[in-house]
Structures are given as C-alpha cells and as structure tokens.
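> Predicted model, plus sequence, below.
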Amino acid sequence: MNETLLIVNADDLGMSRGVTDGILLAFKHGILTSASLMANMPAAEYALGRLESAPGLGVGCHLNICQGWPLLPRAEVPTLVGPSGCFHPPAEMARRLWRFQVNPHEIEAEFREQIRWMKFRRLFPTHADSHHHMHLYPAAALPFARALAREHIPCARTSRCSVFPRSASFGGPHEGGPLRRVLVGSYRAALQSTVFRRLLSPDCRIAFVSRDRNNLALLGAQWRLALWNLPSGAFELACHPGMSDPREENQFDAIRAQREQELCWLLNSELRDIIAACGIRLITYDGLRAPAAVRTAAARVAAA
C-alpha cells in the first residue's frame, strides 16, 4: 500500500446525550469518520435516532462489560456482574480477566447480544472494539473473536498501537518501564497475528507517550505530530469527543475536559490542512474491505 489511510473513530456513542451530540458534531463539521456505539448505555436509543442525520458515518459496536448493566439477564452472566447486577467496574473486571475468573461463554453471549441489539434495529456494525479495551485481556480475546465471527463482523480495532514518529518512545506507548512496554507490545502483536488473525484491522492504532497522554495542553501538538509522521498504510486515531449536556441526570464524567478538548481539535481546520498536505485519505472501517468503493471523507474535509 503506497497511500496513507486513516480512520478517525470516536468511542462511547450512546453513553450520554452530550457525548453523542459531540460525536455527531465532529462528524458533520470535522475530521471524524467513524464511531462505536455502546448498546447497553442510557443514550443508545437517542444515538440511534440521531444517526438519521449523519448519513455516511461508519458505526461499529463498542462492546462493553465494565460499565452499566448487561443486556442479558443477570442470571445468564453471573460472573460478569456484582451484587447490584451491574458489570464489575473497569479495574476489577481487568483483574478478573487476567485471572480467568470470568466465564468466557458469558462474555461471548453478552458481546453477541450487544451486537444483535444493533442489528435488530437495522444498524449493521462496520466493526467492533471494546470499552477500556477489555477484549484484549486473556480471558476475553477468544470470546471476542468468536462473537464477531458468529455475528459476521469482519473488521475490528487492531491490538497493535504505536507512537508516531516511532522514535518518540522506546518500547512503545504503554504504561510502565521499557521492559514492561516491550512485553505488552509483544503480547498485543501476538494477539493480532493469532487470535485476531482472521479480522480485518488497520495496521496500527495511533497512540501517545504514556507520560503525556493525559496532558490536555499537549493534545493538539501530539495529534499534529502524529499526522505529519504517518507512513503509508492504514491507521486508526481513536478519540473520545463529547459535550456537556444540562439535560443529563448524571453529570459525572471522569474525562469530560478531555472530551471537550478533543472535540475542539477534531473541528480545527489546522488538522484538515495537515491531512490534505500529507495526502492522507480519511475512510471508515468499510474502507478496509473495499478501499476503491467506499465513500471517503476527503471531499467533505476539503469543503468544510
């Protein structure tokens, strides 16, 4: 591949009205091309209705086993939920997945139920990924791959990620010291070449140095540098845009400031100019299956 393809995908569509509205704004007036919907969250139906105003947005499934309630009855997924019937929170679920303290058949069943929720509403997912990357943990990787195969979803977020330019971080973008970063990167690369080998994925997900990842003052500079240094191939920039909405009953959002900052940069004309200058072609996940036939966002970005 001699060209550079880029999917700009927003996670958490349907988490809330504000997040949903921010994602759709970034698609209509910015560089966003794709989003991942959380079928079990309060604003999922709201998001479904709003998608009618966003033709051309690629919509996948943001599979979720660490926030909110399962779509399956609690009795069918007992190892995934706590006493309240909610999923175990992210840190607890991660520990359980590392220790194989969850039933893989329950994970697969809940993943498939969330996918079928979309398909039943005539929205066929372009791809799948997961909330807090839970599908990358050992106990969830095979259930994730089986769920996608059985629901005929050919595309998924890659488990490989890298900093661009690559010289910016020895050992990769993961948390911890150099040895841990190398080991985590090797594990993720192995997942991609074994468990996920039948799935169509971008070559790499754009990531950022762990020490700077949560520094919002550096967000724009990080995105600009990554875009300027992308080689040829297919890549994904995963993001979390959103807006505050006074209608929301629960205003707590641990990354609210990040969502608003990311939305500003997705709308920023400077990024559109860099994409045009570098000859980057914006696509959805469908572009991984038929690049020549899929609608690209290039004309929309140039006209914005």
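Looks like it came in fine.
> helices or strands next to the helix or strand that contains residue 276 in the packing?
In the assignment (DSSP states H and E), residue 276 maps to helix 269-278. Applying 3 or more Cβ pairs under 8 Å, 6 or more residues apart in numbering; DSSP states H and E, one finds that helix 269-278 contacts helix 219-228, helix 298-303. For every residue, glycine as well, the C-beta is placed using N, CA and C.
> Pairing partners for the helix or strand residue 237 falls within, with directions?
Per DSSP H and E: residue 237 is located in strand 233-239. Sheet pairing for strand 233-239, assigned by DSSP bridges, gives strand 4-13 (parallel), strand 204-207 (parallel).
> picking that back up, which residues are in contact with the helix holding residue 276?
The contact list for helix 269-278, computed with Cβ atoms under 8 Å, 6 or more residues apart in numbering, reads 4, 6, 30-31, 220, 223-224, 227-228, 230, 265, 280, 282, 301-302, 304.
> Return the list of helices and strands in contact with the following helix or strand past it.
Next helix or strand after helix 269-278 toward the C-terminus (DSSP H and E): strand 280-282. Packing contacts for strand 280-282, counted by 3+ Cβ pairs under 8 Å, 6+ apart, involve strand 4-13, helix 298-303.
> Those: lowest mean pLDDT?
Per-stretch mean pLDDT for the helices and strands packed on strand 280-282 is lowest at helix 298-303 (a mean of 39).
> picking that back up, could I get the strands paired with strand 233-239 as JSON lines with distance to residue 145 and mean neighbour count?
Output for the strands paired with strand 233-239, formatted as JSON lines (distance: least, Cβ to Cβ, whole Å; neighbours: other Cβ atoms under 10 Å):
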{"stretch": "strand 4-13", "distance to residue 145": "19", "mean neighbour count": "26"}
{"stretch": "strand 204-207", "distance to residue 145": "17", "mean neighbour count": "22"}
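> closest to residue 183 out of those?
Residue 183 lies closest to strand 204-207 among those, at 15.9 Å (Cβ to Cβ).
> which residues sit against that closest one?
For strand 204-207, contacts defined as Cβ under 8 Å, 6+ apart pick out 157-158, 160-164, 172-173, 226, 230, 233, 235-238.
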